[in-house]
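**Q** I'll drop the sequence and a predicted model, then ask my questions.
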Amino acid sequence: MRWSVSADRTITIAACAADWNADGVVTPVDILDFLSQWFDGLPAGSPNPAGGGTISDIFNFLNAWFAGC
């Protein structure tokens, strides 16, 4: 499960880890959005946000993406 907090302190929880952008569908755009955040150094849904993203985060996300929702 992925979560994020917006500037107005609204918490968004994605029901599907593969739906990275939480738009309700799993598409290749989710992969691009995940990688964009990963390369920025801190994926919002990373299990280790204090240490930034790791290669394991990429593989875990891709496993979830291929499994679908």
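**A** Alright, I've got the coordinates. Numbers count the residues shown, from 1 in each chain.
**Q** buried residues, the strand or helix carrying residue 56. List them.
**A** Element membership for residue 56 (DSSP states H and E) is helix 55-67. By neighbour count on 16 or more other Cβ atoms under 10 Å, the buried set for helix 55-67 is 57, 61, 64-65. Heads up, the C-betas are built off the backbone N, CA and C, glycines and all.
**Q** and what of stretch 17-32?
**A** So for stretch 17-32, counting by 16+ other Cβ under 10 Å, buried means 17-22, 26, 30-31.
**Q** now the helix holding residue 56: average pLDDT?
**A** For helix 55-67, mean pLDDT is 89.
**Q** which elements pack onto that helix?
**A** For helix 55-67, the packing partners by 3 or more Cβ pairs under 8 Å, 6 or more residues apart in numbering; DSSP states H and E come out as helix 28-39.
**Q** ok so, going back, which one of the buried residues of stretch 17-32 is nearest to residue 39?
**A** Among those, residue 31 lies closest to residue 39 (Cβ to Cβ), at 12.4 Å.
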